Structure formats: structure tokens, C-alpha cells
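> no sequence for this one, just the structure:
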């Protein structure tokens, strides 16, 4: 279909384009400009493979909002990051349920 000379030009052009794209993506990756793409694709991969039926019921996520964080930090007289002692007390308190006394 194409002459050998045209085919070589197309192959050379494609090789140059591929090399330029590789260099461009390497530069963008090193500068951190592609972090948003990795973060977004990671989110999408996680949602796509999520199966709530297989979730371990022993794993609990504790979310502390900003207001509670400020109050706890003031009450504990601790700066972030909190010590292991604080985390141990928190886990023990949460494991006991809502009827436990305030450990702090």
C-alpha cells in the first residue's frame, strides 16, 4: 500500500512522537503535575473493585471532625500528632461502646 520510503518516514515519525510523549510524561510525573490523575484513577479503581459483602466487620473507621479535634486537642493538652497513649485510650473507649466513662 505504502512505498518503503513512506513506510520508513511513518515509522520514524511515530517513533519520534512516542519518544516525545514519553519524555513529556516523565517530566510531568517528576514535577508532580500528574498526581491528580493518579489520585483520581486510584479512587475509581477502588470503587470499581469494592464489594461490601467481603468487608471485614472488625475494621472500623473513626472520623474526627474539626470541632471535635480542636476540643480533644485542648482537653488533652497535646499537640498533633497525638501520642500512642492517647490512641490506646481512644481505642479502649470506643471498644467499650457508648456506656463507658470518658477516659480523658
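Arrived safely, thanks for sending. The model shown is predicted, which means the values in this text are computed figures rather than measured ones.
> lowest-confidence helix or strand of the protein?
Ranking every helix and strand in the chain by mean pLDDT, DSSP states H and E puts helix 84-96 at the bottom, with a mean of 87.
> next one: it to chain centre, how far?
Centroid displacement of helix 84-96 relative to its chain, using Cα atoms, centre = their mean, to the nearest Å, is 25 Å.
> and stretch 57-67, by the same measure?
Using Cα atoms, centre = their mean, the offset of stretch 57-67 from its chain centre is 17 Å.
> same check on stretch 52-63?
Using Cα atoms, centre = their mean, the offset of stretch 52-63 from its chain centre is 17 Å.
> what residue is smack in the middle of this protein?
Residue closest to the average C-alpha location in the chain (Cα atoms, centre = their mean): residue 39, at 6.2 Å.
> buried residues in the least confident helix or strand of the chain?
86, 89, 90 (16 or more other Cβ atoms under 10 Å). Bear in mind the C-beta positions are built from the backbone N, C-alpha and C, glycine included.
> so which elements touch that helix?
Helix 84-96 is packed against no helix or strand, with contacts defined by 3 or more Cβ pairs under 8 Å, 6 or more residues apart in numbering; DSSP states H and E.
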